[in-house]
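Participant: got a sequence here, can you model it:
(one chain, ligands or ions: 3)
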Amino acid sequence: MKILVLPGDGIGPEIVAQAKKVLATLQSDGLKIELEEAPLGGAGYDAHGAPYPEVTQKLARAADAVLLGAVGGPQYDKLDRPLRPERGLLAIRKDLNLFANLRPAILYPELANASTLKPEVVSGLDILIVRELTGDIYFGQPRGVRINEAGEREGFNTMLYSESEIRRIGHVAFQAARKRNKKLCSVDKANVLETTEFWKEIMIDVARDYPDVELSHMYVDNAAMQLVRNPKQFDVMVTGNIFGDILSDEASMLTGSIGMLPSASLDANNKGLYEPSHGSAPDIAGKDLANPLATILSVAMMLRYSFNAEETATRVENAVKAVLAQGLRTADIYEAGTEKVSCSAMGDAVVAAL
Ligand SMILES: NC(=O)c1ccc[n+]([C@@H]2O[C@H](COP(=O)([O-])OP(=O)(O)OC[C@H]3O[C@@H](n4cnc5c(N)ncnc54)[C@H](O)[C@@H]3O)[C@@H](O)[C@H]2O)c1
Ligand SMILES: CC(C)[C@H](C(=O)O)[C@@H](O)C(=O)O
Ligand SMILES: [Mg+2]
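Facilitator: Numbers count the residues shown, from 1 in each chain. Ligands and ions are numbered 1, 2, ... in the order given. Okay, the predicted model is just below:
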């Protein structure tokens, strides 16, 4: 199995280095993998003048799975839009047709006090956000800044979903719900936006193939509120690209830190890109402070979805649980009575627990 590693920018190389230690351990235990590395995002721009350089494209298309750190940073914010790191991330998602983004928000019992919610509201939390990743206002045309009829400048984007795009993410979500607790909540803004009213109509139609799954609908503003009021009412949530981006960051805080939230972005054949849900955290980059667990848990998702190696995936997840049980915490999840460790020490501890 060929894995393409894209460290990216900011804390990306630091957290990916810990995930690579985990992969090296699994490799020495017999997992057949080959690693290659390439630049994406700001690193792509610095090395080749493009956020998704051709050399990265070639390797990404040939790989069985991709592991990404994060992209972006303030030094790139003044570049023309097409050259910015975030465009590299959107480009690789689109290029590899990674339309299904799975973001599980799980509260490990040891982190009950790190959550922003009261322990009794979040204990046992295990929800899965299924975010559509290659459509919506992120990709809809037209977009840009123009002069309107009144001679004033205006910015505009287009929220767009085709029926087939909604259907295929609907099937992914229903199938995930079927494997879990058979409850799916589709999040929309059908009271205002035609695109999402259409989304709701198609979800209801897809539901006819899954009579065993209970489908509910919620407006996104209410869903944002319900996630912090009573998150355990949800099991699987399915939503579009922009709402899923926002709701998954919100859900991450229920688990203690965005540094705990992994993700898998899959195509129709489970080829995937695996990355933590967070960004390049420029405020802590280069200081060995970042939490590498979301990235390591993304490796577990890679083993599960792209390599069909369920046992090895569970082994990695158990190693993460073990270091938490030992009381080791990076700064973002630290609390009195636990031991504060660096990013690299956390990686070493996971390897030791493996
Ligand atoms: N998938 C990605 O590559 C991705 C995702 C989100 C944002 N970004 C980019 O990252 C840059 C910074 O964005 P932002 O500040 O809005 O979001 P961010 O997720 O990078 O950081 C938000 C906050 O969370 C903290 N944080 C994030 N990851 C952490 C970790 N692993 N351990 C400890 N703390 C962590 C940061 O220190 C910061 O305080 C921007 O350029 C943005 O476009 C990239
Ligand atoms: C960096 C950005 C393009 C990206 C997104 O909006 O999808 C990020 O926020 C994420 O959640 O992966
Ligand atoms: Mg995001």
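Participant: let me see the confidence value for the nearest residue to G144 once chain neighbours are set aside.
Facilitator: What sits nearest to G144 in space, not counting adjacent residues and going by C-beta to C-beta, 6 or more residues apart in numbering, is F156, at 6.7 Å. C-beta: built from backbone N, CA, C; applies to glycine. Looking at F156, its pLDDT stands at 98.
Participant: contacts only, for F156.
Facilitator: For F156, the contacting residues are P142, R143, G144, V145, R146, by C-beta atoms under 8 Å, 6 or more residues apart in numbering.
Participant: do the same with P13
Facilitator: P7, G69.
Participant: phi and psi next, for the residue nearest to G144.
Facilitator: Main-chain dihedrals, F156, degrees, to the nearest 10: phi -150, psi 150.
Participant: do you know how far it is from N191?
Facilitator: 22 Å (C-beta to C-beta, to the nearest Å).
Participant: what's around Y219, how many residues?
Facilitator: Residues near Y219, counting by other C-beta atoms under 10 Å, number 16.
Participant: which parts of stretch 213-231 are buried?
Facilitator: V213, L215, M218, Y219, V220, A223, A224, L227, P231 (16 or more other C-beta atoms under 10 Å).
Participant: now stretch 242-253
Facilitator: For stretch 242-253, by 16+ other C-beta under 10 Å, it's I242, F243, G244, D245, L247, S248, E250, A251, S252, M253.
Participant: does ligand 2 sit close to that stretch?
Facilitator: Yes. Under the criterion of C-beta under 6 Å from any ligand atom, ligand 2 is reached by stretch 242-253 at D245.
Participant: just the C-alphas of that stretch, formatted as PDB.
Facilitator: Extracted in PDB, the C-alpha atoms of stretch 242-253 (Å, rounded to 0.1, in the frame of the first residue of the first chain):
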ATOM      1  CA  ILE A 242     -20.100  24.800   4.600                       C
ATOM      2  CA  PHE A 243     -22.500  23.700   7.400                       C
ATOM      3  CA  GLY A 244     -20.300  20.600   8.000                       C
ATOM      4  CA  ASP A 245     -17.200  22.700   8.300                       C
ATOM      5  CA  ILE A 246     -18.700  24.800  11.000                       C
ATOM      6  CA  LEU A 247     -20.600  22.100  12.900                       C
ATOM      7  CA  SER A 248     -17.500  19.800  13.000                       C
ATOM      8  CA  ASP A 249     -15.400  22.500  14.600                       C
ATOM      9  CA  GLU A 250     -18.200  23.100  17.100                       C
ATOM     10  CA  ALA A 251     -18.400  19.400  17.900                       C
ATOM     11  CA  SER A 252     -14.700  19.100  18.400                       C
ATOM     12  CA  MET A 253     -14.900  21.200  21.500                       C
END
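Participant: now do the worst-scoring helix or strand of the chain on mean pLDDT: distance to the chain's middle.
Facilitator: In the chain, no helix or strand scores lower on mean pLDDT, DSSP states H and E than helix 119-122, which sits at a mean of 91. Chain-centre distance of helix 119-122: 24 Å, with C-alpha atoms, centre = their mean, to the nearest Å.
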